[in-house]
Structures are given as C-alpha cells and as structure tokens.
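1. Next comes the sequence, and after it the predicted model I'd like to discuss.
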Amino acid sequence: MENTTERERLPLLDRAAALFKKTSLEDMHIIAGQHILESNYTMFEYLFDKGLKPNNVFLLGKCYSTHEDILNQFQKKGVRVHSGSTKYNSYQSFDEEYSQEVRDFTQKSLREAEQYPCKRAIVVDDGGYLLKEVMNHSSLQDKIVGIEQTSSGYHSLKEKSLPFPIINVARSKAKLDYESPYIGELVAERFKIETKSIGNPQSVLVVGNGPIGSHVARALSNSYQTHQYDFHSNIGSQRSLLNHLLPNVDAIIGCTGKTIISPENSSFLKKGVIFASASSSDREFSAVHLRKKVQRNDDCHSTITTPEFTLLNSGFPITFFGGRHCGSPERMQLTRALMFSAVCQASQTNNTQKELLSLDEEIQDILIREYISLEKKR
C-alpha cells in the first residue's frame with residue numbers, strides 16, 4: 001500500500017482485511033457513487049491490496065463531498081473518475097443535477113465495463129441514485145451485486161422489485177448503533193463552529209428523530225434550548241405542531257432526508273432563521289429556492305445570508321465543508337471497514353439472491369468489538 005501511515009492509523013481496516021484474507025478482487029469491477037475524500041481513498045487502497053485493478057473502478061463523486069486533491073489521487077492511481085464529480089449549479093437542485101450525472105455516468109461506466117470480462121460488477125451507492133439507474137440497464141445484470149450505505153438510499157430501494165442482490169450496510173447494527181452517535185456529535189460540533197460568527201442562536205429545532213436526529217438533539221441539548229419534531233410521531237397533528245414551533249426557534253437542523261420546509265410554509269419562520277442540514281442532498285429546506293434569492297455562485301460550501309434567513313453550507317450537509325475529511329479518520333474508520341467488508345462479501349455473493357441482504361453479522365460483531373476497544377483507548 002502506498003500510504004502506510006494511513007494503514008497504521010486505521011486498525012479496523014487492517015482487521016477487516018484479515019477477516020477476508022483469502023478474498024481476491026482481481027476479476028471484479030466496481031462502479032461507485034461515493035464521497036471523494038481521504039478516508040475513502042484509504043479504503044480503496046485496501047481493496048487494491050486485494051487485487052482490485054484501479055482501471056476497473058468507475059467513480060462518481062458529489063459536488064459537496066469531493067476534494068480536488070483526492071480526486072487527482074484517484075485519477076493518478078488509474079481510477080476512472082467521472083467529470084461530473086464536481087459539477088454544481090446553485091440555481092439547480094442537487095437531486096436534479098446529480099441524477100443527470102448519474103445517468104451519464106451509468107451509461108459510460110457500464111459501456112466501458114462490458115468491454116472487459118469480469119466475475120462480478122459491484123455497484124457501491126450512497127443515496128440509492130446509482131443503484132436505481134443501474135436497474136434500468138440490462139447489461140451485466142447477471143453479474144451485479146449492489147451495496148447501499150445510507151438510510152435514504154435504503155428507503156428508496158426497500159419497496160422495489162430488485163433485479164440483483166443489494167447488501168444493506170445502511171441499516172446494519174454496526175452503522176446505526178455505533179456510527180450514528182459520532183455523526184450526531186459531528187453535526188453539533190460543525191453547527192457551533194458555523195454559527196459562532198452569526199449571532200449564536202439560543203433555540204434550535206431538530207427535525208427528525210431517527211438514528212442521526214436523536215443524537216444531534218442530544219449533543220446540542222446542553223448548549224441550546226433544543227426542540228425536536230418528528231413527522232412519524234406527529235402524524236395526527238400533520239404539520240400544525242411544526243408550524244407552531246417554527247416562529248419560536250432561531251435555527252432549524254434537518255435530519256430527515258426529505259423536504260421539511262417548503263416555500264408554502266416559509267411564512268411561519270422567524271426572521272433571520274438559520275438553516276442547517278444533517279442529511280444527504282440539499283432538499284431539507286428546498287435549498288435551491290433559497291439560493292435563487294441571491295446571485296448565482298459556484299461554491300457549494302458558501303453560507304448564504306439575507307435579512308430573512310441564513311443557509312449554512314448552501315443547504316448541503318454541514319459535516320461536508322470542503323476539507324479532506326468529513327470527520328476524524330480514527331472515528332470514521334468503522335464506516336470504511338464496514339464498506340470494505342461489504343465489497344468483499346459482495347464478491348462472494350450469489351447473484352440469484354435478488355433481495356436486500358444483511359451485512360454479515362459475525363463480521364459486524366468482530367468489528368464492533370474492535371471499535372469499542374479502540375474508543376476506550378482514545
């Protein structure tokens with residue numbers, strides 16, 4: 001491995017690699033929609049150690065989580081990185097723009113992959129966009145195994161009739177129980193940093209009480225007057241309770257993966273309200289409508305301020321702020337180890353199991369124990 005320092009810093013990946021000691025990825029293709037950050041590059045280096053050829057990897061990043069230096073590292077290694085990985089138009093919603101890039105990326109990567117024989121084509125996704133697009137193409141379907149790592153992607157796929165198996169990392173015990181608390185802490189930390197210079201809000205509303213939202217609220221509760229709203233637990237009241245809360249809070253953090261504030265209920269908002277997203281995409285606050293209230297810009301990490309509102313990080317998740325990492329590599333290594341393990345499991349999965357599959361429970365338990373041991377030493 002080229003970066004031995006990172007290998008020493010990420011013992012969970014060493015442990016995961018040892019668990020798949022006999023696994024070879026030499027005859028595999030990987031088609032991935034992933035964050036192009038340093039910890040992901042490190043994970044791919046471990047996959048290369050398993051025989052994966054860099055020119056058999058097709059990679060699409062997202063504008064808000066692509067670091068230019070890491071993108072260049074992937075390209076120098078021989079990975080085929082799609083040109084749309086940094087594309088951003090502040091006057092277009094991310095879902096619309098990224099979906100266009102996914103369609104183009106899927107067609108090109110599948111066409112390229114078809115030219116070379118492979119035992120498996122492993123589709124690694126973050127949000128369900130890529131997997132759903134691949135389902136529309138017949139080529140390589142008899143060789144495809146998918147991997148989904150986000151809850152929003154899982155929810156978009158769970159009701160579909162699947163043409164190939166998908167390993168469900170998103171709802172794995174290890175990810176939900178051990179990654180989510182750290183992500184909650186990270187969101188709270190970034191929120192405090194980003195709002196320090198813009199008035200220090202006193203009251204915060206966290207919308208969403210899932211694995212991330214519950215931990216965000218907990219992490220903020222000692223520093224702010226914290227309110228929480230969850231659509232699932234307030235079905236009877238529909239939006240009336242939410243609209244009642246909106247005029248009384250200085251900031252709103254969206255953790256649902258859905259649109260929670262639309263132009264229709266913006267009249268309930270407190271003047272100068274701060275918006276922060278803790279989920280993928282920019283849909284929590286219909287951010288494209290807010291961005292259109294100011295001059296077009298090409299920086300997806302800019303904070304947009306008007307007399308009516310402040311939109312942190314242009315409406316994208318505040319944990320992705322333009323750095324090489326979205327969090328401490330030592331704390332994020334569990335996610336990387338889980339994804340590494342999922343790729344190795346996918347390489348051995350029977351393609352005829354056309355359903356959502358669990359990440360191997362025994363592998364999870366081993367990595368959890370190792371992770372807990374490492375956390376105690378921190």
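-> Received, thanks.

2. Flag every buried residue along stretch 316-331.
-> 316-321, 325-327, 329, 331 (16 or more other C-beta atoms under 10 Å). In this view, the C-beta of every residue, glycine as well, is placed from N, C-alpha and C.

3. any idea of the mean pLDDT in that stretch?
-> Mean pLDDT, stretch 316-331: 91.

4. Just the C-alpha atoms of that stretch, please, in CSV.
-> Provided in CSV are the C-alpha atoms of stretch 316-331 (Å, rounded to 0.1, in the frame of the first residue of the first chain):
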residue,chain,number,x,y,z
PHE,A,316,-25.7,20.8,1.9
PRO,A,317,-24.9,18.6,4.9
ILE,A,318,-22.7,20.7,7.3
THR,A,319,-20.4,17.8,8.0
PHE,A,320,-19.0,18.1,4.5
PHE,A,321,-17.4,21.6,4.5
GLY,A,322,-14.7,21.3,1.8
GLY,A,323,-12.0,19.5,3.8
ARG,A,324,-10.1,16.3,3.0
HIS,A,325,-12.2,14.6,5.7
CYS,A,326,-15.7,15.0,7.0
GLY,A,327,-14.6,13.8,10.4
SER,A,328,-11.8,12.3,12.3
PRO,A,329,-10.3,9.4,10.3
GLU,A,330,-10.0,7.4,13.5
ARG,A,331,-13.7,7.8,14.3
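
5. List of residues touching that stretch?
-> The contact list for stretch 316-331 (C-beta atoms under 8 Å, 6 or more residues apart in numbering) reads 6, 9-10, 35, 37-39, 42, 64-65, 67, 69-70, 94, 182-183, 186-187, 190-191, 194, 276-282, 287, 300-301, 312-313, 332, 374, 378.

6. Pull out the buried members of the residues you listed.
-> 6, 10, 35, 37-39, 42, 64-65, 67, 70, 94, 182-183, 186-187, 190-191, 194, 276-282, 287, 300-301, 312-313, 332, 374.

7. Strands - which of these land there?
-> Counted as lying in strands by DSSP state E, out of these, are 276-277.

8. Among the buried ones among the contacts of stretch 316-331, which ones are in helices?
-> Secondary structure defined by DSSP state H assigns 6, 38-39, 42, 70, 94, 182-183, 186-187, 190-191, 194, 287, 332, 374 of the buried ones among the contacts of stretch 316-331 to helices.

9. can you give me the helices in the stretch 51-200 of the chain?
-> 68-77, 94-114, 129-134, 151-157, 173-174, 180-195 (DSSP state H, counting those that start in this stretch).

10. Out of those helices, which one sits most buried?
-> Between the helices of the stretch 51-200 of the chain, helix 129-134 has the highest mean count of neighbours, a mean of 23, where neighbours are mean count of other C-beta atoms under 10 Å.

11. Just name the closest of the ones in helices among the buried ones among the contacts of stretch 316-331 to Leu205, please.
-> Using C-beta to C-beta, Phe191 comes nearest to Leu205 of those, at 12.1 Å.

12. Format the helices of the stretch 51-200 of the chain as TSV; extra columns: mean pLDDT and distance to Cys255.
-> Below are the helices of the stretch 51-200 of the chain laid out as TSV (pLDDT from 0 to 100; distance: least, C-beta to C-beta, whole Å):
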stretch	mean pLDDT	distance to Cys255
helix 68-77	98	26
helix 94-114	94	17
helix 129-134	96	20
helix 151-157	91	10
helix 173-174	95	20
helix 180-195	95	8
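
13. Tell me which of those helices lies nearest to Lys270.
-> helix 180-195 (14.4 Å).

14. Identify each buried residue in the helix or strand where Val343 lies, please.
-> Using DSSP states H and E, Val343 maps to helix 329-347. Using 16+ other C-beta under 10 Å as the burial criterion, the residues of helix 329-347 that qualify are 329, 331-347.

15. Now do the closest residue to Leu269 other than its chain neighbours against Ser221, distance only.
-> With sequence-adjacent residues excluded and distances taken as C-beta to C-beta, 6 or more residues apart in numbering, Leu269 is closest to Leu246, at 5.3 Å. Going from Leu246 to Ser221 by C-beta to C-beta, to the nearest Å gives 20 Å.

16. The two - which one has more neighbours?
-> Neighbour count, other C-beta atoms under 10 Å: between Leu246 and Ser221, Leu246 has more, with 21 against 14.

17. Now do the same contact list for the more buried one.
-> 205, 252, 261, 265, 268-270, 273.

18. Quick check: it vs Asp282, distance?
-> 19 Å.

19. Next: Gly184.
-> Counting by C-beta to C-beta, the separation of Gly184 from Asp282 is 20 Å.

20. Make TSV out of the helices of the stretch 51-200 of the chain and add distance to His232.
-> Converted to TSV, these look like this (distance: least, C-beta to C-beta, whole Å):
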stretch	distance to His232
helix 68-77	37
helix 94-114	22
helix 129-134	24
helix 151-157	12
helix 173-174	21
helix 180-195	17
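
21. Many thanks, I have nothing further to ask.
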